[in-house]
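1. show me how the following folds:
(2 chains)
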Amino acid sequence: MTSRSPSLKVTRLAYAYPDGTQALYGVDLTIERGERVALLGPNGAGKTTLVMHLNGILTAGHGTVEVAGLPVRPDTLREIRRRVGLVFQDPDDQLFMPTVREDVAFGPANLGLRGAELDRRVHDALERVGMLDAIDRPSHHLSFGQRRRVAVATVLAMEPEILVLDEPSSNLDPASRRELAEILKSLDVTVLMVTHDLPYALELCERSLIMSEGVIAADGPTRALLADERLLAEHRLELPYGFAVPAQPG
Amino acid sequence: MSAGHHHSIYRPADTPVHRLPPQCKLAAVVVFAVCVVATPRERFWAFAVDAVLLAVVAAVARIPAGLIARRMVIEVPFVLFALAIPLIGTGERVQVLGLSLSVPGLWAAWNILAKATLGVVASILLAATTEPRMMLLGAERLRLPRLLVQIATFMLRYLDVIVDQMGRMRIARESRGFVARDFRQAPVLAKSAGALFIRAYERGERVHLAMLSRGYTGEMPTIRDISATGRDWVTAGVLPCLAAVTALLAWSTT
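-> Here you go, the predicted model:
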């Protein structure tokens, strides 16, 4: 729990679903504080299963998950869920309260905050994603891009140690996609981003992990991984047509 | 876009009725309905007084009579049922326009019609002056089971999402040449309904995961406080109190 502990440390994590399907075969990864890391991999590689372990929704069959030094265990779940902010792929799943304000307040209120402190959290979180104007609107009347930004705010309000985003760029139009990228870059928080959008990973994350068949198959600078055509092909990853990794950063 | 999105059943305005806390209004409507039901059916004047009371509330809340009349369509099935009673009732009979009607049946029909209509109008006034969301917060304040209130809250939130999904499924069906002409197409619609149910159920599971991820432990935190003052309760109490007095007078004159 010291400041030197990495934001996230997963050690030899294995998991089989109750029906016997083995999804994770010993995942090892460490994410240092302040890093932005992309988790890449084809469908069915186990990315979502891994994410569900990070805040204790699934319980490890074998191995451990630690968030800023605190192991995920039944008795630490409350604190773990404050530390790990999970942003789901479909904002309609994430935004379940009648108004934006109540949705953003839901997490911190569960942590026991009330009154002025709660209001401050809600305001700050919405301000960070540029959605303060929508505070009293029902979330289902927002555009898809706006809903995704509010979804990010709902977990920012819990002041998490690490933000975990599941396919943050999916279904966004190009402008919303860029706006979200700018917001994510502006946040001073550790980010783990699960995505198929390789250019997005390159833009936002210096480091990437490739997950394949339940293990971490590669871990390195995003630029280097994406430049390795053979590696990508081995794990059913492809750059979009016409896209080439720029030679120089920037 | 502005913040002017409201549920169509709610009629936004700023009147004393709109401003009352929802729990006061809910309680007032329930007590009013009980008083109406407790009024003896033979006292026509008592029901006229109750109707006038509601008319005054509607005037204060600036709800036009036309709107109330349109929404009263919901009562039609009950009206049909009530109208059938004198025809099928037993006992003493009278001739009206060549029809033989049962006298106890007529009384029963009048009883149902008068009391149901007053209750429906009171509910219409409540719904028109209270946002659905506030209604639920009010219900929670009145100690309704929290689980029921939570279910209703989610229904309110996801109704539009599910209706959209239903619309997309209809477009998908019709895009592939489906036309619902008659009863033979029912199995297709039934399967669509089944698919919709499964999708809604799966969404429910995902929403639950999202709730757990943000520290949900079975209780919704109360975020908006909607406390009512003594004055609010007195104001809201005027309608049910007058209805209670009317009912008592009606009984004492029997």
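2. any idea how far residue B:57 is from the residue of the stretch 51-200 of chain B found nearest chain A?
-> Using C-beta to the nearest C-beta, the single residue of the stretch 51-200 of chain B nearest to chain A is residue B:133, 4.6 Å away. For every residue, glycine as well, the C-beta is placed using N, CA and C. Residue B:133 sits 22 Å away from residue B:57, going by C-beta to C-beta, to the nearest Å.
3. more neighbours: the two, which one.
-> A count of neighbours by other C-beta atoms under 10 Å in any protein chain shown puts residue B:57 above the other of residue B:133 and residue B:57, at 24 against 21.
4. list the contacts of the more buried one.
-> Going by C-beta atoms under 8 Å, 6 or more residues apart in numbering or on different chains, residue B:57 touches B:17, B:125, B:239.
5. backbone phi and psi for the residue nearest the centre of chain A, please?
-> Geometric centre of chain A, nearest residue: residue A:164, 1.7 Å, by C-alpha atoms, centre = their mean. Dihedral pair for residue A:164: phi -110, psi 120, per degrees, to the nearest 10.
6. surely it and residue A:50 touch.
-> No - counting by C-beta atoms under 8 Å, residue A:164 stays clear of residue A:50, with 9.6 Å between them.
7. OK, contacts around the residue nearest to the centre of chain A?
-> Taking C-beta under 8 Å, 6+ apart as the test, what residue A:164 contacts is A:51, A:54, A:55, A:84, A:85, A:86, A:87, A:191, A:192, A:193, A:194.
8. show residues contacting whatever helix or strand the first one lives in.
-> Spelled out, it's residue A:51. Element membership for residue A:51 (DSSP states H and E) is helix A:47-54. With contact meaning C-beta under 8 Å, 6+ apart, helix A:47-54 is reached by A:8, A:10, A:13, A:15, A:17, A:23-24, A:27, A:39, A:41, A:58-60, A:65, A:67, A:72, A:84, A:86, A:162, A:164, A:166, A:192, A:194, A:211, B:209.
9. what distance separates that helix from the centre of its chain?
-> Distance of helix A:47-54 from the chain centroid (C-alpha atoms, centre = their mean, to the nearest Å) equals 10 Å.
10. okay, stretch A:205-216 in PDB with CA atoms only?
-> Output of stretch A:205-216 as PDB, limited to C-alpha atoms (Å, rounded to 0.1, in the frame of the first residue of the first chain):
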ATOM      1  CA  CYS A 205      -0.500   4.200 -24.800                       C
ATOM      2  CA  GLU A 206       3.200   4.000 -24.900                       C
ATOM      3  CA  ARG A 207       3.100   0.400 -23.800                       C
ATOM      4  CA  SER A 208       0.900  -2.500 -25.000                       C
ATOM      5  CA  LEU A 209       0.200  -6.000 -23.900                       C
ATOM      6  CA  ILE A 210      -1.000  -8.600 -26.400                       C
ATOM      7  CA  MET A 211      -3.300 -11.200 -24.900                       C
ATOM      8  CA  SER A 212      -3.800 -14.400 -26.800                       C
ATOM      9  CA  GLU A 213      -5.400 -17.700 -25.700                       C
ATOM     10  CA  GLY A 214      -5.400 -16.800 -22.100                       C
ATOM     11  CA  VAL A 215      -1.900 -15.600 -21.600                       C
ATOM     12  CA  ILE A 216       0.100 -12.400 -22.200                       C
END
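11. what mean pLDDT does that stretch get?
-> What stretch A:205-216 shows for mean pLDDT is 95.
12. buried members of the contacts of helix A:47-54 into ChimeraX, please.
-> Those of the contacts of helix A:47-54 that count as buried under 16 or more other C-beta atoms under 10 Å in any protein chain shown are selected in ChimeraX with:
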select /A:8,10,13,15,23,24,27,39,41,58,60,65,67,72,84,86,162,164,166,192,194,211 /B:209
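13. in strands, which of the contacts of helix A:47-54 appear?
-> Per DSSP state E, strands hold the following members of the contacts of helix A:47-54: A:8, A:10, A:13, A:15, A:23-24, A:27, A:39, A:65, A:67, A:84, A:86, A:162, A:164, A:166, A:192, A:194, A:211.
14. stretch B:75-91 - what's its average pLDDT?
-> Taken as a whole, stretch B:75-91 has a mean pLDDT of 86.
15. of all the residues in chain A, which ones are close to chain B?
-> A:52, A:55, A:57, A:78, A:81-82, A:84-86, A:88, A:90, A:92-94, A:96-99, A:101-102, A:105-107, A:109-111, A:118, A:136-138, A:140-141, A:154-155, A:158 (C-beta under 8 Å from any C-beta of the partner chain).
16. show me what the top helix by length along chain B is packed against.
-> Scanning chain B for the helix with the most residues, using DSSP state H, yields helix B:146-175. Packing partners of helix B:146-175 (3 or more C-beta pairs under 8 Å, 6 or more residues apart in numbering or on different chains; DSSP states H and E): helix B:132-141, helix B:186-213.
17. residue contacts, the nearest residue to the residue of the stretch 51-200 of chain B closest to chain A once chain neighbours are set aside?
-> Excluding the flanking residues, the one nearest residue B:133 by C-beta to C-beta, 6 or more residues apart in numbering or on different chains is residue A:98, at 4.6 Å. Going by C-beta under 8 Å, 6+ apart, residue A:98 touches A:138, B:133, B:153, B:156, B:157.
18. measure the second one to residue B:219 for me?
-> Put plainly, it is residue B:133. 18 Å.
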